[in-house]
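# need coordinates for the following:
(2 chains)
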Amino acid sequence: EDQVTQSPEALRLQEGESSSLNCSYTVSGLRGLFWYRQDPGKGPEFLFTLYSAGEEKEKERLKATLTKKESFLHITAPKPEDSATYLCAVQAPSNTGKLIFGQGTTLQVKP
Amino acid sequence: DTEVTQTPKHLVMGMTNKKSLKCEQHMGHRAMYWYKQKAKKPPELMFVYSYEKLSINESVPSRFSPECPNSSLLNLHLHALQPEDSALYLCASSQDTGSYEQYFGPGTRLTVT
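Model prediction:
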């Protein structure tokens, strides 16, 4: 069964304390893995797309990496404004546009 | 510009009302989506439009009726909703239904009384 699992469910960091969020996936033939950031009551904000193992993407304090079984979102020296829920999703094998989402990781960064 | 707009931002409706949610994008995307999101859950796909044709209906109750008047606009008509339909309704668009990232709008917070 195609599925996405994110861990941890919640993460509390002190400002400047680097860490990583995990996204494990099982899907037959990866057609794209996506990371989103979502603030409470708002729509998800697109961060990164990864297509093949070994690929890496960076944006400010965030870096996303991909292996054949999982993706990591590394957060370097986080700031309080990085507090949000981070969602990982993969394109369903049917290629119909349907995304399979993980349950998300809620990150809180304390000053 | 990667903006998807949605109106209204908030909507309160009774169970006998008829209302519509609207979504617009000007990125030239040919795929548009409606999602429903409950608190502390990921978005749940409702409908997919590809080239203005409905391509996926995720077994959504008929009290939700989607419409795609043109390639930039997407509507969701609501009628005889139930309190459990209260949620954040999100619109998204992507270049096509292939391996492309989806861009989400800010959402409409719907409360059914």
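# tell me which other helices or strands the helix or strand of chain B with the lowest mean pLDDT touches.
Least confident helix or strand of chain B, by mean pLDDT, DSSP states H and E, is strand B:53-57 with a mean of 94. With contacts defined as 3 or more C-beta pairs under 8 Å, 6 or more residues apart in numbering or on different chains; DSSP states H and E, strand B:53-57 has these neighbours: strand B:44-50, strand B:64-70. Just so you know, the C-beta spots here come from the backbone N, C-alpha and C atoms, and that holds for glycine as well.
# try 10 Å
strand B:31-37, strand B:44-50, strand B:64-70 (3 or more C-beta pairs under 10 Å, 6 or more residues apart in numbering or on different chains; DSSP states H and E).
# which of those strands is buried the deepest?
Sort these by mean neighbour count, taking mean count of other C-beta atoms under 10 Å in any protein chain shown, and strand B:31-37 sits at the top with a mean of 24.
# what angle do it and strand B:64-70 make?
In terms of direction (axes from the mean of the first three to the mean of the last three C-alpha atoms, to 10 degrees), strand B:31-37 departs from strand B:64-70 by 150 degrees.
# tell me the strands beside strand B:31-37, with direction?
Strand pairing for strand B:31-37, determined by DSSP bridges: strand B:44-50 (antiparallel), strand B:87-94 (antiparallel).
# save those strands as TSV, and put in distance to residue A:4 and mean pLDDT too.
Conversion of the strands paired with strand B:31-37 to TSV gives the following (distance: least, C-beta to C-beta, whole Å; pLDDT from 0 to 100):
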stretch	distance to residue A:4	mean pLDDT
strand B:44-50	14	97
strand B:87-94	17	98
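# so which of those strands is nearest residue B:57?
Residue B:57 lies closest to strand B:44-50 among the strands paired with strand B:31-37, at 5.7 Å (C-beta to C-beta).
# now that closest one against strand B:53-57, angle please.
Computed by the same axes, to 10 degrees, the angle between strand B:44-50 and strand B:53-57 is 160 degrees.
# I'd like the distance from strand B:44-50 to the chain centre, please.
Strand B:44-50 sits 8 Å away from the centroid of its parent chain (C-alpha atoms, centre = their mean, to the nearest Å).
# can you count the residues close to residue B:38?
Residue B:38 has 12 neighbours, counted by other C-beta atoms under 10 Å in any protein chain shown.
# cool, thanks, talk later.
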